[in-house]
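Novice: Predicted structure and sequence below. I'll ask about it afterward.
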Amino acid sequence: MIQFFRVKNMKNIFLYIVFSLPAVFLLITPVYANEVLSTIDEAVNQYKNGDYEGAASNLDFAAQLIRQKKSEELKEVFPDPLAGWEAEPPTSQATGTSVFGRSVSVSRAYVKNKSSITIDIVTDSPVMQSLMMMLSNPVIASAGGGKLETFSSHPGIVQYKESDRSGSVNIVVDKRFLVTVKGHQVDRENLIAYAGAIRYAEMTKK
């Protein structure tokens, strides 16, 4: 009886995952969605044939494909380079396991002579929740020499050293994204300008 209960629960969990994933497909391009759907179909067949390990592996693979698609879409939120600056192509990464757990991250670098600024965006990580709570705490912000500022109504902590013209801005967006802007050999105004130019409205739609 206990064994039956466990099998029944396993089936319910499996079906919940399978039927929940298609809700995300409305945000995925048709070609990409076809690859995801075919992978899930294969997982369903494996499950029906008792190949639970293969089914779980394919579901993980489908979830990874979705994370990769999300990371590609996040590239659209980076700001254009400021006047006189050049921007490198944005990069993305969707990881199944990392220091942030299962996460999606994108990055883009901007340069002007010896000055450089890098913007990193991380989301979909359970570990980030505690980190974002810390960044939102005014006591912690002031203790580290940082100052609280808002960027399009999103809370952020700005840290800057005039001595070596370097600093960082950490911004919590929609309680789901952690944005980090780091600058070396830059004026504080440039650091703030890039942090403020990020397309936050587009980010919250992802």
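Specialist: That came in fine, so what should we check first? Residues are numbered from 1 along each chain as shown.

Novice: Quick check: can you list the domain ranges of this structure?
Specialist: The chain resolves into domains spanning 2-72, 78-203 when parsed by automatic domain parsing.

Novice: In terms of mean pLDDT, which of those ranks lowest?
Specialist: When the domains of the chain are compared on mean pLDDT, domain 2-72 scores lowest, with a mean of 64.

Novice: Longest helix in the chain, by number of residues?
Specialist: In the chain, assigned by DSSP state H, the helix with the most residues is helix 52-74.

Novice: name the helices or strands packed onto that helix?
Specialist: In this structure, helix 52-74 makes packing contacts with helix 2-20, helix 30-48, strand 91-95, strand 103-112, strand 115-123, judged by 3 or more CB pairs under 8 Å, 6 or more residues apart in numbering; DSSP states H and E. All C-beta spots, glycine's among them, are computed from the backbone N, C-alpha and C.

Novice: on that earlier part again, would you tell me which one of the domains of the chain is buried the most?
Specialist: Counting by mean count of other CB atoms under 10 Å, domain 78-203 has the highest mean neighbour count of those, with a mean of 17.

Novice: In this structure M134 contacts I140, no?
Specialist: Yes. The criterion here is CB atoms under 8 Å, and M134 meets it with I140 at 5.4 Å.

Novice: I'd like to know how far the residue nearest the centre of the chain sits from M133.
Specialist: Taking CA atoms, centre = their mean as the criterion, T123 is the residue nearest the geometric centre of the chain, at 2.6 Å. Using CB to CB, to the nearest Å, T123 is found at 15 Å from M133.
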